[in-house]
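*Asks:* model the following, please.
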Amino acid sequence: MEKKDILEALQKARAETRKRNFNQSVDLIINLRGIDLKKTENQLDFFLPLPHSTGRKVTMCALIGPELQENAKQVANKIILADNFDQYTANPKLIKKLSRDYDYFVGQANIMPKIAATFGRVLGPRGKMPNPKAGCIVPPNANLKELSEKLQKIVRLKAKTSPVVHTMIGKQDMEDGKLADNAVAIYKAVLEHIPNAEYNIRSVFIKLTMGKPAKVTR
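*Replies:* Numbering: from 1, shown residues only. Sure, this is the predicted structure:
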């Protein structure tokens, strides 16, 4: 699949979508085949930095010690210091709310055992624990501004129970070229994570939030 194939599908998807009074998301849908997802080794779950931001503001909650507090104030949407973990241990509903409110949780490496003990039972099953694959477990001297900028361009690609990779590649008001760059990057990354490359791809679609899926001709 090449960039021109994505561009053609984008044009079709835009043409078949009625005008709405909000900025719709543009999604890439990759349908897989011939992969036994019951086998853990065949499941997809990885993070990918995209060439361009998707236009969606990613939110971050920092679970840290005092060493990172001033640094975190510049970029984190929520800061929870280790000294305040006890109030969350006593009230798991607060952690459930956090899991709904924030996209990424950043954990300071030297207090990860305490983070796991306090937040793991709730954040773990939701896939929200600080993840080293996304760079979200950081040393006490980390540059959180750099991490925040990186997270704005990262997507998590998953196919664990259903043979579909479905992810946002941008917003309706973005240039088609940037949307296509993101889509191609995702497609190539998925190919690298499945056993038989393009043989395992059944079909690819581009879709706006309220529009019909437009098939990508490969």
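*Asks:* list the helices and strands the longest helix seen in the chain packs on?
*Replies:* Criterion DSSP state H: the longest helix present in the chain is helix 176-192. Packed against helix 176-192, as judged by 3 or more C-beta pairs under 8 Å, 6 or more residues apart in numbering; DSSP states H and E, are the following elements: helix 3-15, strand 25-32, strand 44-49, strand 154-159, strand 164-171, strand 201-208. From N, CA and C alone the C-beta is placed, and that goes for glycine too.
*Asks:* quick one: these as JSON lines, columns for distance to residue 55 too.
*Replies:* As requested, the helices and strands packed on helix 176-192 are exported to JSON lines (distance: least, C-beta to C-beta, whole Å):
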{"stretch": "helix 3-15", "distance to residue 55": "15"}
{"stretch": "strand 25-32", "distance to residue 55": "8"}
{"stretch": "strand 44-49", "distance to residue 55": "15"}
{"stretch": "strand 154-159", "distance to residue 55": "12"}
{"stretch": "strand 164-171", "distance to residue 55": "4"}
{"stretch": "strand 201-208", "distance to residue 55": "13"}
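*Asks:* so which of those comes closest to residue 144?
*Replies:* Checking those against residue 144 by C-beta to C-beta gives strand 154-159 as the closest, at 14.7 Å.
*Asks:* and that closest one, which strands flank it?
*Replies:* strand 44-49 (antiparallel) (DSSP bridges).
*Asks:* which parts of the longest helix of the chain are buried?
*Replies:* Residues of helix 176-192 classed as buried: 176, 178-187, 189-190 (neighbour count, 16 or more other C-beta atoms under 10 Å).
*Asks:* what do you get for stretch 112-123?
*Replies:* 112, 114-115, 118-119, 122-123.
*Asks:* so of those, which two are at opposite extremes in space?
*Replies:* Farthest apart among those - using C-beta to C-beta - are 112 and 122, which lie 15.8 Å from each other.
*Asks:* CA atoms only for stretch 180-195, dumped as PDB, please.
*Replies:* Taking C-alpha atoms only, stretch 180-195 is exported to PDB below (Å, rounded to 0.1, in the frame of the first residue of the first chain):
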ATOM      1  CA  ALA A 180      -1.600   9.800   4.500                       C
ATOM      2  CA  ASP A 181       1.900   9.900   6.100                       C
ATOM      3  CA  ASN A 182       0.400   8.800   9.400                       C
ATOM      4  CA  ALA A 183      -1.600   6.000   7.800                       C
ATOM      5  CA  VAL A 184       1.300   4.700   5.800                       C
ATOM      6  CA  ALA A 185       3.500   4.700   8.900                       C
ATOM      7  CA  ILE A 186       0.900   2.700  10.800                       C
ATOM      8  CA  TYR A 187       0.300   0.200   7.900                       C
ATOM      9  CA  LYS A 188       4.100  -0.500   7.600                       C
ATOM     10  CA  ALA A 189       4.400  -1.000  11.400                       C
ATOM     11  CA  VAL A 190       1.500  -3.400  11.500                       C
ATOM     12  CA  LEU A 191       3.200  -5.400   8.600                       C
ATOM     13  CA  GLU A 192       6.300  -5.800  10.700                       C
ATOM     14  CA  HIS A 193       4.300  -7.100  13.700                       C
ATOM     15  CA  ILE A 194       2.300  -9.900  11.800                       C
ATOM     16  CA  PRO A 195       3.700 -13.200  10.700                       C
END
